[in-house]
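> Below are the sequence and a predicted model; questions follow.
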Amino acid sequence: MKRRALLAAAAATATGVAGCLRSNGFGGSNPEQTDEVKTDDPADDEPYLEDRSFEVERVECGDEFGGHDVITEDGLVTVEGVLDGNNSCYTAELVRGEYVTEEDTLYVEVESVDGSDADEACSTCIVEIEYVATFEFANGEPGSVRVDQRGQTSGSSSASKSVSAGDGGSGSDTSTGSPTATEFPGTPTPTPD
């Protein structure tokens, strides 16, 4: 019953806002005003992110984790990586998958998380969590890709110029160990305190 009341209130609010917008010149009441509203859509020639997906492909006991590869080809950026988890209930999540137009950079952050329910029994072994993240772009590809992944005991980061699969394959320079980042060329490297 409360859901119906909430839906009715939402519909009334939407109708009221639509009426306000029309009376403030965003509709047809002002003959000099057009119905065209400026959007934040990128220019026709700039790359922009159209779609993304993330999938965990495999979780099993193992000790080969901490790396990732970046492949770009025909407007598609694919990040394939392996994280570690504390037990068989761990999985990976895409924390950030964002293209920043001003920087011409795709930022990807993946981390391992405990996906168990309170009453679920989990195998006690360090697991390899293989994942694939894909990002589909229109009007080209990002100029660079920044990947940060965080497992339970390992991490890796990379920053790379975008390299298409036909021009040499992987576009990443991957490092394993502590989850610090490789800096972009020309960016000052922070010094430890």
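That came through fine.
> need the longest strand for this structure.
For the chain, the longest strand by residue count, based on DSSP state E, is strand 48-61.
> Give the buried residues for that strand.
Residues Leu49, Arg52, Phe54, Val56, Val59 are the ones in strand 48-61 that count as buried (16 or more other C-beta atoms under 10 Å). Every residue, glycine included, has its C-beta placed from N, CA and C.
> can I get those residues in TSV with distance to Ser112 and pLDDT?
TSV is the format used below for the buried residues of strand 48-61 (distance: C-beta to C-beta, whole Å; pLDDT from 0 to 100):
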residue	distance to Ser112	pLDDT
Leu49	24	95
Arg52	19	97
Phe54	13	98
Val56	10	97
Val59	10	95
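> Among those, which one lies nearest to Leu94?
Phe54 (4.0 Å; C-beta to C-beta).
> Pop out the phi and psi values for the closest residue to that closest one other than its chain neighbours.
In space, and not counting its chain neighbours, Phe54 is closest to Leu94: 4.0 Å by C-beta to C-beta, 6 or more residues apart in numbering. Torsion angles at Leu94 (phi, psi; degrees, to the nearest 10) stand at phi -80, psi 110.
> residues near Leu94, how many?
Look at Leu94: counted by other C-beta atoms under 10 Å, it has 17 neighbours.
> For Val95, give me its contacts.
By C-beta atoms under 8 Å, 6 or more residues apart in numbering, the contact list for Val95 reads Glu109, Val110, Glu111.
> State the distance from it to Asp74.
Going from Val95 to Asp74 by C-beta to C-beta, to the nearest Å gives 26 Å.
> Could you report the neighbour count for Phe65?
Phe65 sits with 23 neighbouring residues when counted by other C-beta under 10 Å.
> What ranges does the protein have for its strands?
Taking DSSP E, the strands of the chain run over residues 48-61, 68-73, 76-85, 90-100, 105-114, 127-138, 144-150, 155-161, 175-177.
> Can you spell out which helices and strands pack onto the fifth one?
Under the contact criterion of 3 or more C-beta pairs under 8 Å, 6 or more residues apart in numbering; DSSP states H and E, strand 105-114 touches strand 76-85, strand 90-100, strand 127-138, strand 144-150.
> okay, those strands in JSON lines with mean pLDDT and distance to Val70 next?
Formatted as JSON lines, the helices and strands packed on strand 105-114 follow (pLDDT from 0 to 100; distance: least, C-beta to C-beta, whole Å):
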{"stretch": "strand 76-85", "mean pLDDT": "95", "distance to Val70": "5"}
{"stretch": "strand 90-100", "mean pLDDT": "96", "distance to Val70": "13"}
{"stretch": "strand 127-138", "mean pLDDT": "96", "distance to Val70": "10"}
{"stretch": "strand 144-150", "mean pLDDT": "93", "distance to Val70": "5"}
